[in-house]
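Engineer: Generate a structure from the sequence data that follows.
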Amino acid sequence: MDDSLTADPQPRLRELGKTEKLMVRAMNAAWTAPMFPVTVEVDMTAAMARRGAGVTLTDVILADCAATLRGHSALNAHWLDGGVAEYDRVNLGLAVAAEKGLTVPVIHGADGLSLEEIAQSRKTLVERVRAGRIGIAQVMGGTFTVSNLGMFGVTRFTAIVNPPQVAILAVGGTVRRQVWNGGDPQWRPMAEFTLTSDHRAVDGARAAAFLADLRQRLETAA
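Structural biologist: Below is the predicted model:
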């Protein structure tokens with residue numbers, strides 16, 4: 001028998017790029033934080049109606065998340081040793097899967113942008129990530145992150161906080177479910193949103209309040 005057929009396979013070493021190394025350091029730091037998840041179900045009927053002309057459901061979620069964070073500065077924050085730095089400006093990170101691994105580009109000042117501006121920023125950043133042309137400045141300064149795996153058929157998951165941020169929102173896929181509305185069963189497009197928070201900076205009540213306000217905005221905004 002040819003010895004080459006029984007020899008152990010030789011691995012190929014893939015060097016990490018600068019942005020990947022930043023992500024590795026962040027994930028290593030995340031394991032030192034006490035994290036907890038909170039999940040809500042959201043009726044996506046109104047949110048889905050806002051799509052169109054280059055605006056995706058992810059863009060709607062990003063826009064509403066940025067607007068909601070204006071009233072929840074405790075989640076739009078960084079954990080510093082012994083304290084919490086809360087920010088007035090929302091720099092929204094979006095987890096993007098690419099050939100070289102996970103990257104989180106940042107839409108700076110997202111709370112001051114229109115839905116269409118957020119959609120254009122998201123499109124440009126995702127294209128740059130997947131083309132391998134994202135710069136360090138475009139992945140720095142995030143104050144909150146959104147991770148959406150709904151397009152992969154995932155209905156619920158728990159994301160890992162990206163330090164020094166104190167919270168991250170995981171968005172599952174939209175699924176038609178029967179719900180009770182006004183005493184009558186109705187089929188609705190429902191999605192599960194799971195917020196993971198660093199318990200040193202965010203308690204359960206604050207996490208729940210943010211999710212409640214985000215759900216209301218997604219279900220009622222025109």
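Engineer: ok, now how distant is residue 137 from residue 111?
Structural biologist: Using C-beta to C-beta, to the nearest Å, we find residue 137 at a distance of 20 Å from residue 111. Any C-beta I mention is one placed from the backbone N, CA and C, and that applies to glycine too.
Engineer: Residue 139 now?
Structural biologist: The gap separating residue 139 from residue 111 is 19 Å, by C-beta to C-beta.
Engineer: what do you get for residue 212?
Structural biologist: Using C-beta to C-beta, residue 212 is found at 19 Å from residue 111.
Engineer: cool, and residue 98?
Structural biologist: Counting by C-beta to C-beta, the gap from residue 98 to residue 111 is 26 Å.
Engineer: These two: which is more packed in?
Structural biologist: Using other C-beta atoms under 10 Å, the more surrounded residue of residue 98 and residue 111 is residue 111, with 20 against 16.
Engineer: need the contact list for that one.
Structural biologist: Residue 111 makes contacts with 66-67, 69-70, 89-90, as judged by C-beta atoms under 8 Å, 6 or more residues apart in numbering.
Engineer: Just send these back as JSON lines, with pLDDT, secondary structure and distance to residue 53 too.
Structural biologist: JSON lines is the format used below for the contacts of residue 111 (pLDDT from 0 to 100; DSSP: H, G, I helix; E, B strand; the rest coil; distance: C-beta to C-beta, whole Å):
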{"residue": "66", "pLDDT": "98", "secondary structure": "helix", "distance to residue 53": "20"}
{"residue": "67", "pLDDT": "97", "secondary structure": "helix", "distance to residue 53": "20"}
{"residue": "69", "pLDDT": "98", "secondary structure": "helix", "distance to residue 53": "25"}
{"residue": "70", "pLDDT": "96", "secondary structure": "coil", "distance to residue 53": "25"}
{"residue": "89", "pLDDT": "96", "secondary structure": "coil", "distance to residue 53": "27"}
{"residue": "90", "pLDDT": "98", "secondary structure": "coil", "distance to residue 53": "24"}
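Engineer: and of those, the nearest to residue 15?
Structural biologist: residue 90 (33.8 Å; C-beta to C-beta).
Engineer: Would you confirm that the closest one contacts residue 113?
Structural biologist: No. Judged on C-beta atoms under 8 Å, residue 90 makes no contact with residue 113 at a distance of 9.5 Å.
Engineer: Find me the pLDDT at residue 25, would you?
Structural biologist: Note on residue 25: pLDDT of 69.
Engineer: Cool, thanks, signing off.
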